[in-house]
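Trainee: generate coordinates for the sequence data below:
(4 chains)
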2 protein chains.
Amino acid sequence: MHKEITIYDLAEKLNLSPATISRALQDHPAINKKTKKRIVEMAEVMGYRSNRFASNLRKSKTNTIGVIIPRLNSQFVASVLGAMEKIANDAGYNIIVSQSMESATKEIANTKTMFDNRVDGLLVSLAYDTGNIEHFDKFIKRGIPVIFFDRVFDDNKCVRIVIDNYKNAYDVTTHLIAQGCSRIMHITGNLKRNVYSERYNGYRAALKDADIPFQKEMLLSGELNEVAGMEAAAKILAMKKMPDGIFGANDICTASCMHILKQQGVRVPADIAMAGFNNDAISRIVEPNLTTVNYPAYQMGEIAATTLINHLTGTASISSTDIIVLRSDLIVRASSLKIKKQA
Amino acid sequence: MHKEITIYDLAEKLNLSPATISRALQDHPAINKKTKKRIVEMAEVMGYRSNRFASNLRKSKTNTIGVIIPRLNSQFVASVLGAMEKIANDAGYNIIVSQSMESATKEIANTKTMFDNRVDGLLVSLAYDTGNIEHFDKFIKRGIPVIFFDRVFDDNKCVRIVIDNYKNAYDVTTHLIAQGCSRIMHITGNLKRNVYSERYNGYRAALKDADIPFQKEMLLSGELNEVAGMEAAAKILAMKKMPDGIFGANDICTASCMHILKQQGVRVPADIAMAGFNNDAISRIVEPNLTTVNYPAYQMGEIAATTLINHLTGTASISSTDIIVLRSDLIVRASSLKIKKQA
DNA sequence: GTGAAAGCGCTAACAT
DNA sequence: ATGTTAGCGCTTTCAC
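Mentor: Residues are numbered from 1 along each chain as shown, chains lettered A, B, ... in the order given. So this is what the prediction gives:
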């Protein structure tokens, strides 16, 4: 096996001290340009690579950021992670990722791993059934910053990065009402999670403000995936009195539902006006194009990572900005337009 | 700041030596059961956590797997990564991810980072313009296993995990021909990449076998995203003689193209039969449903990670299975059916 | 079954 | 501008 070159090998070869080698390799200002050049070249020639463990051990800093997400399987999560990786990488940080698989138990195990890995900070979107966030206390106690994004816990002291789910849902629902809908169904996920409960509340508030009574059968709660959309469609088709509007809490489920409804002869938006959430590519390709809410996933990843790194490098303190709400807006498209758009 | 507990603290507290503590914490057989119990309990009480860096430094092993991907922004990559993370996590490995952003230069930088991070193994899908894989030599030389998946380099000695792009493309094209298409356009990505060149070759071979001459204007090469699909549609609509069949190298681009074509009055499949690649959710939701090729992304991630870990743990040698070709099949749907399906 | 001690490779305080 | 030196916390060989 290849022998690993250390700074001692370089030092010996160049008749310098290990300290000088170490400094040169880190661009320490007090090192002679020429010396530095010789060192860097020799390092290259000899195939030296720095040993992070020795370095981390010494500095007790890891330059690693942990990311915990419910599940790595959607466009949304991919965009968020992509942005985080980019920001982190540019700042010299590594990202280690783990999935809670929507289980609080697994999430707790993940925090332990992250803890033992000595991450410098944590970016977290919570699992479906996470009921409290005590498992993050050990980080907070040690001053390891934790930032929650998207799926956050309502009652916490950490930084949260979110969109205004309530307002957006309110806007979607109000828009459907303005289009003449009065029997608006809401298809959503687990109401324990802030993102879904807030959207639900926004939906309810809009109904209330329009004096439309809420009916239990107008709420469908499920997995919010393609299959859930098909199941929702089946339920709707079986109703004695179908809704005249549908607000789904994401695009994929809503588009899938719309697909089946149309297949069964339902006209969209004439019979049922529809709106989703996220502005996924699919919302722009299905017919009719799906009214939705723009969810800035990439930007959310960027901001979460940037905020964390700024905090780590001392560039900006974290507590000064406790909640960051990203701008997100209703995008009206054909799927909800019963009334012709104003010119 | 919280003081970090070390094995020395435990040793002192329990009047034992650090060596004994270390052994106990690793279930060393030569340690008295009771002693072990005392140690483990005390570790818990005092909030001890092992220091991976000291341990890694000592053992020169990291339990970390590096993953390099072109870009973390698609359903496909999300599924692959999701599977890898799950397998790795279950086996006690961490995953660190980095994106090449489709640039060979960045990819080379990534390998350096991975190298310095002393990953135990590497899982790689190559960037658009990676022309050689010399930057992986340093891993191979040191016996660090590298496994390529999806986007691989044709001429290499590493394990590759792929699908049969050639055959699948051949099948798609042959299917379109069987539906009566004779002017079949192929929309694809950078032909330097095996996945696209192989699909292209399969397409060409199918034309050849059907005695259909290939025409240059029937090849469109681009980014394969939503926008590329729209641009392709514009080009097609501007042609004096439009194609009667389109085979796109992925679903999103093809679906997006179809959307615009339909909007401009083109009937699918009557005027143009269409087929994509990947079996993304979108292929099942657009109208007409898109004929496509099932690409087992999750399975690919699983196999890549499992193969690597088996190799690392010595469970199975890697060289014994040099290329793994996953099963993937043509899925015929309405978008390509000019002729009624047989009953 | 347990302990003593060396050393993994690096960094940084302190010297010069 | 460069060198000396003392650890960071752990594992492991060798002793007892």
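Trainee: would you mark the buried spots in stretch A:43-54?
Mentor: Of the residues in stretch A:43-54, those buried by neighbour count under the rule 16 or more other CB atoms under 10 Å in any protein chain shown are A:43, A:48-53. Using the backbone N, CA and C atoms, a C-beta is placed for each residue, glycine as well.
Trainee: for those residues, which one is nearest residue B:279?
Mentor: Set against residue B:279, the nearest of the buried residues of stretch A:43-54 by CB to CB is residue A:52 (40.2 Å).
Trainee: how near is the closest residue to residue A:74 other than its chain neighbours to residue A:101?
Mentor: Nearest in space to residue A:74, with sequence neighbours left out and distances taken as CB to CB, 6 or more residues apart in numbering or on different chains, is residue B:78 at 6.3 Å. Separation of residue B:78 from residue A:101 (CB to CB, to the nearest Å): 14 Å.
Trainee: over to stretch A:277-286 now: how far is its first residue from its last?
Mentor: 14 Å (CA to CA, to the nearest Å).
Trainee: likewise stretch A:273-293?
Mentor: Across its full length, stretch A:273-293 reaches 15 Å between end residues, using CA to CA.
Trainee: now stretch A:289-308
Mentor: The first and final residues of stretch A:289-308 sit 37 Å from each other (CA to CA).
Trainee: stretch A:260-279 near chain B at all?
Mentor: Yes: contact between stretch A:260-279 and chain B is present through residue A:262 (criterion: CB under 8 Å from any CB of the partner chain).
Trainee: buried residues, that stretch. List them.
Mentor: So, applying 16+ other CB under 10 Å, buried residues of stretch A:260-279: A:260-262, A:266, A:268-269, A:272-279.
Trainee: now the strands for the stretch 151-300 of chain A?
Mentor: Taking DSSP state E, counting those that start in this stretch as the criterion, the stretch 151-300 of chain A carries its strands at A:159-163, A:184-188, A:219-221, A:245-248, A:273-275, A:292-293.
Trainee: export those strands as CSV, with columns for mean pLDDT and distance to residue B:133.
Mentor: Conversion of the strands of the stretch 151-300 of chain A to CSV gives the following (pLDDT from 0 to 100; distance: least, CB to CB, whole Å):
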stretch, mean pLDDT, distance to residue B:133
strand A:159-163, 94, 38
strand A:184-188, 98, 47
strand A:219-221, 97, 49
strand A:245-248, 98, 45
strand A:273-275, 98, 47
strand A:292-293, 98, 42
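Trainee: reformat those as a markdown table; add distance to residue B:16.
Mentor: Written out in a markdown table, the entries for the strands of the stretch 151-300 of chain A read as follows (distance: least, CB to CB, whole Å):
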| stretch | distance to residue B:16 |
| --- | --- |
| strand A:159-163 | 42 |
| strand A:184-188 | 56 |
| strand A:219-221 | 55 |
| strand A:245-248 | 61 |
| strand A:273-275 | 66 |
| strand A:292-293 | 60 |
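Trainee: out of those strands, which is closest to residue B:233?
Mentor: strand A:292-293 (22.0 Å).
Trainee: what is that closest one packed up against?
Mentor: Using 3 or more CB pairs under 8 Å, 6 or more residues apart in numbering or on different chains; DSSP states H and E as the contact test, the elements touching strand A:292-293 are helix A:165-178, strand A:330-331.
Trainee: who's in contact with the nearest residue to residue A:46 once chain neighbours are set aside?
Mentor: Setting aside the residues directly before and after it, residue A:46 is nearest to residue A:5 in space (CB to CB, 6+ apart), at 4.9 Å. The neighbourhood of residue A:5, defined by CB atoms under 8 Å, 6 or more residues apart in numbering or on different chains, consists of A:43, A:46-49.
Trainee: of all pairs in these, which one is the farthest apart?
Mentor: Using CB to CB, the contacts of residue A:5 reach their maximum pairwise distance at A:46 and A:49, which is 10.0 Å.
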